[in-house]
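> Have a look; sequence and predicted model below, questions after that.
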Amino acid sequence: MPRRAVVLGGTGMLAGVASRLVDDGWLVVLPSRRYSPLPDYAEPGSGRALWVQARWERPERLARDTANALGGKADLLVAWVHNEYRRSVLYAVEPLLAPGAPVVEVFDAPPEDKFAGDVIATLPDHPMQQVVLGYVRDGDRLRWLTHSEVVDGVLMAVERAMSGAPTTEHYVGQARAWSAR
């Protein structure tokens, strides 16, 4: 039986993460509003991706439809959910997770332009890797992370999660207010 993962946000910026899990033989369930096939770089036959139509504002339905697609408990949750829906969606999918299954939560850089604070797990019964996405200084301007930089940063957190690493914050890029001193 393949390992199972739920990737919330897996048809957008996390499509590369979902594809990597499929390449590694995982059954990956991708709840999202719109169907979007995984990029062609996923190797056919190594794993499987299942899209589930879902909306963040309907977390109970999202969880029900995701459970039907999973066919068992998930061994991993990777989530990049809009902050206003994060708690309701993660609380709704928590019963779909195997006991102790790791959670990787992805956040945009905080609006106060600071990378600081305590790691607060949304699902405290599960080990968590928190990924905070920032910006990259490119000469005298800042730019958002590229798709590849986001995927690489999240995959590092997934690897740590699957190795049993303790709850950790991962910073990808830098805060906007950063200045060289």
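Sure thing, it's come through.

> what stretches of the protein score poorly on pLDDT?
37-45, 109-119, 175-181 (pLDDT under 70).

> Please enumerate the helices of it.
For the chain, the helices defined by DSSP state H occupy 15-23, 59-70, 83-93, 147-162.

> quick one: which of these is nearest residue 47?
Of all the helices of the chain, it is helix 15-23 that lies closest to residue 47, at 3.8 Å by Cβ to Cβ. C-betas here are computed from N, CA, C, even on glycine.

> So which elements touch that closest one?
strand 4-8, strand 27-32, strand 48-53, helix 147-162 (3 or more Cβ pairs under 8 Å, 6 or more residues apart in numbering; DSSP states H and E).

> what's in contact with the last one?
Yep, that's helix 147-162 we're talking about. 13-14, 16-17, 20-21, 76, 78, 102-104, 106, 127-131, 133, 136, 145, 168, 170, 172-173 (Cβ atoms under 8 Å, 6 or more residues apart in numbering).

> Kindly recompute the last result at 7 Å.
The contact list for helix 147-162 (Cβ atoms under 7 Å, 6 or more residues apart in numbering) reads 13-14, 16-17, 20, 76, 78, 102, 104, 106, 127, 129, 131, 133, 168, 170, 172.

> What's the ChimeraX line that selects buried ones from those?
A single ChimeraX command selects the buried members of those (16 or more other Cβ atoms under 10 Å):
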select :13,14,16,17,20,76,78,102,104,106,127,129,131,133,170,172
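
> Next step: the contacts of helix 147-162 restricted to strands.
Counting by DSSP state E, the part of those found in strands is 76, 78, 104, 106, 129, 131, 133, 168, 170, 172.

> So which of the residues you listed is the closest to residue 84?
Closest to residue 84, out of all of those and judged by Cβ to Cβ, is residue 106, at 15.3 Å.

> residue contacts, that closest one?
79-80, 131, 133, 154.

> same thing but at 10 Å, please
8-9, 13-14, 17, 78-81, 129-133, 150, 153-154, 157, 170, 172 (Cβ atoms under 10 Å, 6 or more residues apart in numbering).

> This completes my enquiry, with thanks.
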